[in-house]
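Undergrad: Predicted model and sequence follow; I will ask about them next.
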Amino acid sequence: MLKVLVVGAGAVGLGLASFLLQSGCRVSLLGREDTELEKNGLYRIGIFGEFHSDSFEIFHGPAQDEEFDFVLVCVKSFDTENTGRELREWLPNSSNIVLCQNGWGNAEIFSKYFQNVFNARVITGFILRQKNKVDVTVHAQPVHLGSLLGGNLDCLEPLAKALEEGGLPSVVTPYIAKDLWAKMLYNCPLNALGALLEVPYGLLGEKESTRKIMKAIVNEVFAVMWAMGYETHWENSHVYLEDFYEKLLPSTNAHESSMLQDLRAGKVTEIEAINGVVVREGEKRNIAVPYNILVSNLVRFLQEKGRT
């Protein structure tokens with residue numbers, strides 16, 4: 001039986017925890033104090049059916065005497081540095097860390113604190129309906145598990161098997177960098193624009209005005225990705241956009257941007273780890289990225305406005 005620590009009891013953390021619990025794993029949650037979750041257990045609703053469990057532990061601080069097979073990091077990307085530093089104070093350097101986060105650059109940060117750092121590419125829509133209830137709204141592709149830093153991927157097979165047995169399709173792949181850039185290509189046009197315009201993803205694809213903006217954003221992401229020495233599953237933006245509109249977008253038509261959810265809640269968004277990465281890496285390499293600059297600054301404005 002796998003013993004898994006899930007760091008971050010938000011939508012993604014509770015969603016992934018629910019599938020691990022359903023497969024029979026011993027799951028511990030590390031997050032803020034939440035009496036509703038502790039009293040009533042974890043509920044999952046949505047496209048994978050209903051599930052409830054109270055067979056898990058909750059920690060609000062270091063679990064000093066515990067050992068885990070895997071540590072799933074499900075915090076927002078702006079908390080990556082603090083989370084890595086705090087976990088290293090009580091988890092061994094050899095812990096198997098799996099980053100289940102949006103954006104680019106999280107693995108580089110965590111590798112300063114741990115030697116076994118892996119990534120999960122998750123394209124499943126999790127929305128927190130209540131503090132202890134997560135709704136699975138969309139599922140585009142299986143969870144992909146891999147490493148940006150090399151090493152033996154065999155150790156990830158038990159985790160993929162557990163998620164799969166819990167009902168969430170999952171595979172181990174040597175191409176996680178391509179997968180993460182594919183998610184960047186998906187997130188950069190949709191997440192920020194969905195937040196700025198307050199519309200579901202499908203509507204962005206229906207209007208010529210927003211299609212033009214998304215094309216420009218995608219072109220800039222490709223340029224920066226190539227300059228950084230990476231590639232993805234499509235040879236260029238034209239081929240990608242054909243798949244984007246024919247295959248990728250239809251499966252998430254009704255999905256609302258996570259940045260929109262954060263802005264509505266008055267929270268910090270993940271703009272810095274998504275479009276912000278394209279801006280910073282583009283500027284380092286003298287690549288013009290005006291559309292990513294624009295949407296980044298507009299989201300920052302709304303973020304600051306909502307928190308004042």
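TA: Sure, I can see it.
Undergrad: okay, now residue 124: neighbour count?
TA: 22 (other Cβ atoms under 10 Å). From N, CA and C alone the C-beta is placed, and that goes for glycine too.
Undergrad: Apart from its neighbours in sequence, what residue is nearest it?
TA: Nearest residue to residue 124, sequence neighbours excluded (Cβ to Cβ, 6 or more residues apart in numbering): residue 139, at 4.7 Å.
Undergrad: So what does the one you found look like in phi/psi?
TA: phi -150, psi 110 (degrees, to the nearest 10).
Undergrad: Give the next helix or strand downstream of the longest helix seen in the chain.
TA: In the chain, with assignment by DSSP state H, the single longest helix is helix 176-197. Using DSSP states H and E, the helix or strand that follows helix 176-197 towards the C-terminus is helix 201-206.
Undergrad: quick check: mean pLDDT across that following helix?
TA: In this model, helix 201-206 has an average pLDDT of 95.
Undergrad: Ok, stretch 179-198 next?
TA: Rounded mean pLDDT across stretch 179-198 is 96.
Undergrad: Which helix or strand in this protein has the lowest average pLDDT?
TA: Ranked by mean pLDDT, DSSP states H and E, the weakest helix or strand in the chain is helix 35-40, scoring a mean of 87.
Undergrad: Give me the contact list for that helix.
TA: Helix 35-40 is contacted from outside by 9, 29, 54, 58, 130, 131, 132, using Cβ atoms under 8 Å, 6 or more residues apart in numbering.
Undergrad: Look up which residues are beta-bridged to the fifth one.
TA: Think residue 130. Going by DSSP bridges, residue 130 is paired in beta bridges with residue 133.
Undergrad: residues near it, how many?
TA: Residues near residue 130, counting by other Cβ under 10 Å: 11.
Undergrad: What of the second one?
TA: Here the neighbour count serves as a burial measure; for residue 29 (other Cβ under 10 Å) it reads 23.
Undergrad: Helix, strand, or coil at it?
TA: strand (DSSP: H, G, I helix; E, B strand; the rest coil).
Undergrad: contacting residues for it?
TA: Residue 29 neighbours (Cβ under 8 Å, 6+ apart): 5, 6, 9, 13, 14, 17, 37, 56, 57, 58, 59.
Undergrad: doesn't the first one fall inside a strand?
TA: Meaning residue 5. Yes - Residue 5: assigned to a strand according to three-state DSSP.
Undergrad: mind listing what it touches?
TA: 27, 28, 29, 30, 63, 66, 68, 70, 71, 72.
Undergrad: Kindly reformat the residues you listed as a markdown table and extend each row with pLDDT and distance to residue 115.
TA: Shown next, in a markdown table, are the contacts of residue 5 (pLDDT from 0 to 100; distance: Cβ to Cβ, whole Å):
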| residue | pLDDT | distance to residue 115 |
| --- | --- | --- |
| 27 | 97 | 24 |
| 28 | 96 | 22 |
| 29 | 96 | 24 |
| 30 | 94 | 20 |
| 63 | 80 | 20 |
| 66 | 87 | 19 |
| 68 | 97 | 15 |
| 70 | 98 | 14 |
| 71 | 98 | 13 |
| 72 | 98 | 17 |
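Undergrad: From these, list just the buried residues.
TA: 27, 28, 29, 30, 68, 70, 71, 72 (16 or more other Cβ atoms under 10 Å).
Undergrad: ok, so of those residues, who is nearest residue 304?
TA: Of all the buried ones among the contacts of residue 5, residue 304 sits closest to residue 30, with 29.2 Å by Cβ to Cβ.
Undergrad: Would you mind naming the residues that bridge with that closest one?
TA: The partner residues for residue 30, given DSSP bridges, come to residue 7, residue 59.
Undergrad: distance of it from residue 135?
TA: 22 Å (Cβ to Cβ, to the nearest Å).
Undergrad: Also residue 82?
TA: 28 Å.
Undergrad: Neighbour count: those two, which is higher?
TA: residue 135 (17 against 11).
Undergrad: Does anything pack onto whichever helix or strand the more buried one is part of? Which helices or strands?
TA: Here residue 135, judged by DSSP H and E, is contained in strand 133-139. Counting contacts by 3 or more Cβ pairs under 8 Å, 6 or more residues apart in numbering; DSSP states H and E, strand 133-139 is packed against helix 11-22, strand 42-46, strand 124-130.
Undergrad: Also compute the angle for the second one relative to helix 11-22, please.
TA: Angle of strand 42-46 versus helix 11-22, following axes from the mean of the first three to the mean of the last three Cα atoms, to 10 degrees, is 100 degrees.
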